[in-house]
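Colleague: with the sequence up front, the predicted model follows.
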Amino acid sequence: MFESIESIIEKMTLEEKAALCTGASPWTTTPVERLGIPEMTVSDGPHGVRRVADVNDFVAGSLPATCFPTASCTASTWDVELIYTMGQVLAEECNALKVDVVLGPGVNMKRTPLGGRNFEYFSEDPYLTGQMAASFINGVQSKGIGTSLKHYATNNQESQRMTINAKIDERTLREIYLPAFETAVKKAKPWTVMCAYNKLNGKYGSENSKLLMDILKNEWGFEGFVVSDWGAVHDRVEAMKAGLDLEMPGPRDRRVKAVIEAVRSGVLNESVLNESVRRILGIVFRAAKTEKGCTFNAVAHHALARQIAADGMVLLKNNGILPLKEQKHIAVIGLAAKEAYFQGGGSSHINPIQVDEPFLELKKVAPHTTEFSYSEGYSADASFDQQLIDSAVKEATTADVALLYLSLPASKESEGYDRPDLDLTQQQVALIKAITAVQPNTVVILNNGDPVVMSEWIDGVAAVLEAWMMGQAGGGAIADILYGKINPSGKLAETFPLKLADTPAYINFPGENGEVRYGEGIFIGYRYYDTKKISVQFPFGYGLSYTEFKYSNPKVSAALFKDIDGLTISVDVTNTGKVAGKEIVQVYVHDRKSKLVRPPKELKGFVKVALQPAETKTVSIPLDFRAFAYFHPGYNQWITEDGEFDILIGSSSADIRCVQTITMQSTLKLPCLLNKESTLRDWLEDPTGKRVFEPLFQQVTKQMGVTFGLGEEEGGTGMETMNFLMELAVRDIFYFQETSLSMSPEDLVDDLLAQVKQQS
Ligand code: BGC
């Protein structure tokens, strides 16, 4: 039995407390032997365990572990149960490698497809990201291993990654950049949260008390500890005051001393230090409860990695060539067929237990009579080489099918820098064009962490499979899909644009002079393309199957409901094709009328359902208060408004199969927002404001019409006067009538506001 944390804190010296709040090594916390406080080991992830061989060596090589597909791929499964299982399996490997906490998942939004680290992040949609992250965390933590939800918050680019100041308005922050963290914290209680390197509105992630204290700890009730990203702390004492509990990496004697001195000099209240100590000890002791050193079944984990890869791959185009049948001669082209591209560069780099070669796996799955040829097609260094193209064309000409395995060069995407463009290499584009000129049955298989543009070549190819950074077993997963052993069921967790210039952050990325302005606001991903009616290559939520699904019998649990009661949507889904398959049913909400502008649709629920041919299942998707609410910066809270909503049930964001319209009643009693600068429109739209203002209305409008030559008497229309007045602050309208007023415009507005206060 462990002693109570409070009594341990009482026995700790100031020096011991300060030391506990900084790592002992790059990967371990500081133990206090005399009090039985063990050390705790953390390790990178999140698509595998990067357990460094020597915790004292920051850049030491890591021990072998299963490398699962990265988050772009796992998110595209839309399968919360599968990612839960992945979490459990990852925890087993942590246990075997003596790791207490895995540093993941990463839930930053994909603001732009140029993000160098996008392969480690789930989606452009906060709802999908939150659900996947919560499930992953629950899976890992169900086995007594902790997680670190990262990077909190607004770490959406690698350019100037440690210093950039992200300028983001409150609504955008709340609706886009925080909800995935919020869902994960509330639904899954991660043991730790890792702060971001960058600044948000002028404050570093490590010193941002609004993020760490006000929102994370107080509003969301986070009970674990906040750890710094590695090297994210600048002022140790300020960071601790702001809610940053553990600084990593260690050792950092100067930081420990700074905390001690700050307490001694009264700059830092010891109770603040005690709170960090309490949080760290809570997790350290929890971690110690899980006995480490189990063994794991690497073969079973490899098989799971293959299944996840196959379920996350997205079939983007298919003219019927796939699944492959009995084609005799197959030309396999492209380096990625021999050298699997399965993970990205940086801190998440796993030392894989084994890596399947895509070409070998293809041969294993293909009918044994198939003949294969191989040509490299392009070289690893991304240089242009016509000879490689020519020899690939020769093979493709006489084949029945050409399979083009293409991977982005590592120099084009990694942690640490953003992507320069969304293009394949010049050589790869030339290769596709040359092959498709001689071979109509060309299938492109892509390995990349995030979208590439395709408009230059997609029309010429028969099929495209997005295979992502597919993990160590991905080579076999590609073969399973190409030959129909697995029916593809992945759908895009992010939009594939037609060109870079179409993307939401295009004119505001990566910022300049140390600042990046999130000018597109809440309109990222499909929210932007939908609003601007911009055509895309492939929409959010899209993916093909070898079968088809019919939607019927949509129902809502109530046509009229209260926001707090929520709603349940159900629909029948039938597999109308000849093979078993899985469909991802998506529910989007469209607010027909709102005070503040909202995106045309937002994902608020989804379910993945497996169906045999001719089978029908009814799926149900609950929608809660937040499915209808938006964050109103004026009230500084999530609000709902009475009104009609369309519930869009679809197979993708662009393929809506059924629409149900419902009426919602808000139960919120919102304070009146009228103030000295409120416009006439604001007054008339507020029920109490309207009542109070009404007696003055006639007089004010008439006089203003005359003053500005807009009134009916001056040949204008009443409508012109109203349009003119609606955008003026009531106070300013009074200015023009000052001579006829018995009091000053300011006093008159104050008087009206007092009446509103009294009556509301
Ligand atoms: C990354 C984190 C990672 C940490 C430890 C940082 O540079 O941003 O994601 O967990 O290093 O390797």
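Modeller: Arrived safely, thanks for sending.
Colleague: show me what contacts Y526?
Modeller: 124-125, 495, 539-541, 601, 653 (CB atoms under 8 Å, 6 or more residues apart in numbering). Quick note: C-beta positions are derived from backbone N, CA and C, even for glycine.
Colleague: what segments of the stretch 401-550 of the chain are strands?
Modeller: If you assign secondary structure with DSSP state E, counting those that start in this stretch, the strands in the stretch 401-550 of the chain sit at 401-407, 442-447, 463-466, 496-497, 515-517, 536-538, 549-556.
Colleague: so which of the ones you listed is the most surrounded?
Modeller: strand 401-407 (a mean of 27; mean count of other CB atoms under 10 Å).
Colleague: pLDDT weak spots in this protein?
Modeller: 1-2, 706, 709-717 (pLDDT under 70).
Colleague: can you pull the domain assignment for it?
Modeller: With domains defined by automatic domain parsing, the chain comprises 39-248, 298-532, 549-665, 680-759.
Colleague: now render these as a markdown table, adding distance to the ligand.
Modeller: Converted to a markdown table, the domains of the chain look like this (distance: least, CB to the nearest ligand atom, whole Å):
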| stretch | distance to the ligand |
| --- | --- |
| domain 39-248 | 4 |
| domain 298-532 | 3 |
| domain 549-665 | 26 |
| domain 680-759 | 44 |
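Colleague: and the ones you listed, which is most packed in?
Modeller: Comparing the domains of the chain on average neighbours per residue, with mean count of other CB under 10 Å, the densest one is domain 39-248 at a mean of 23.
Colleague: quick one: that domain to chain centroid distance?
Modeller: Centre-to-centre, domain 39-248 and its host chain are 11 Å apart (CA atoms, centre = their mean, to the nearest Å).
Colleague: please tell me how far the residue lying closest to G511 once chain neighbours are set aside sits from T129.
Modeller: Closest residue in space to G511, ignoring its immediate chain neighbours: I164 at 6.2 Å, by CB to CB, 6 or more residues apart in numbering. I164 sits 21 Å away from T129, going by CB to CB, to the nearest Å.
Colleague: now do D423
Modeller: To T129, D423 is 26 Å away according to CB to CB.
Colleague: same thing with V355?
Modeller: Here the criterion is CB to CB. By it, V355 lies 28 Å from T129.
Colleague: quick one: the helices in the stretch 251-400 of the chain?
Modeller: 253-265, 270-288, 298-312, 358-365, 386-398 (DSSP state H, counting those that start in this stretch).
Colleague: show me what the fourth one is in contact with.
Modeller: The one in question is helix 358-365. 330, 332, 336-338, 340, 370, 372, 374, 403, 405, 445, 474-476, 478-480, 482-483, 485.
Colleague: run the angle between that helix and helix 298-312 for me.
Modeller: Angle, helix 358-365 to helix 298-312, by axes from the mean of the first three to the mean of the last three CA atoms, to 10 degrees: 90 degrees.
Colleague: run the angle between helix 358-365 and strand 442-447 for me.
Modeller: 120 degrees.
Colleague: just to revisit the earlier point, mind putting the helices of the stretch 251-400 of the chain into TSV with distance to N636?
Modeller: As requested, these are exported to TSV (distance: least, CB to CB, whole Å):
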stretch	distance to N636
helix 253-265	32
helix 270-288	26
helix 298-312	38
helix 358-365	52
helix 386-398	59
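Colleague: looking at those, which is nearest to V140?
Modeller: helix 270-288 (12.1 Å; CB to CB).
Colleague: that closest one: which residues count as buried?
Modeller: 272-281, 283-288 (16 or more other CB atoms under 10 Å).
Colleague: distance between the ends of stretch 239-254?
Modeller: End-to-end distance of stretch 239-254 (CA to CA, to the nearest Å): 14 Å.
Colleague: cool, stretch 484-502 as well?
Modeller: 35 Å.
Colleague: next: stretch 99-118.
Modeller: Note: stretch 99-118 ends 25 Å apart using CA to CA.
Colleague: for F181, give its distance to S72.
Modeller: F181 is 19 Å from S72, by CB to CB.
Colleague: typo on my end, it should be M704
Modeller: In terms of CB to CB, M704 sits 57 Å off from S72.
Colleague: same check, this time on N165
Modeller: Distance from N165 to S72, by CB to CB: 27 Å.
Colleague: in this protein, where's the longest helix?
Modeller: When the chain is parsed with DSSP state H, its longest helix is helix 687-707.
Colleague: and that helix, what does it pack against?
Modeller: helix 680-685, helix 718-726, helix 730-735, helix 745-759 (3 or more CB pairs under 8 Å, 6 or more residues apart in numbering; DSSP states H and E).
Colleague: now the second one and helix 687-707, what's the angle there?
Modeller: If you take the same axes, to 10 degrees, helix 718-726 sits at 120 degrees to helix 687-707.
Colleague: go on, the last one?
Modeller: Compare the direction of helix 745-759 with that of helix 687-707 by the same axes, to 10 degrees and you get 150 degrees.
Colleague: touching stretch 242-255 from outside, list them.
Modeller: For stretch 242-255, contacts defined as CB under 8 Å, 6+ apart pick out 21-30, 42, 58, 192, 195, 203, 206-209, 212-213, 216-217, 225-231, 233, 236, 239, 276, 279-280.
Colleague: what does the closest residue to G106 other than its chain neighbours show for phi and psi?
Modeller: Leaving aside its chain neighbours, G106 sits nearest to E120 (4.7 Å; criterion: CB to CB, 6+ apart). Dihedral pair for E120: phi -90, psi -10, per degrees, to the nearest 10.
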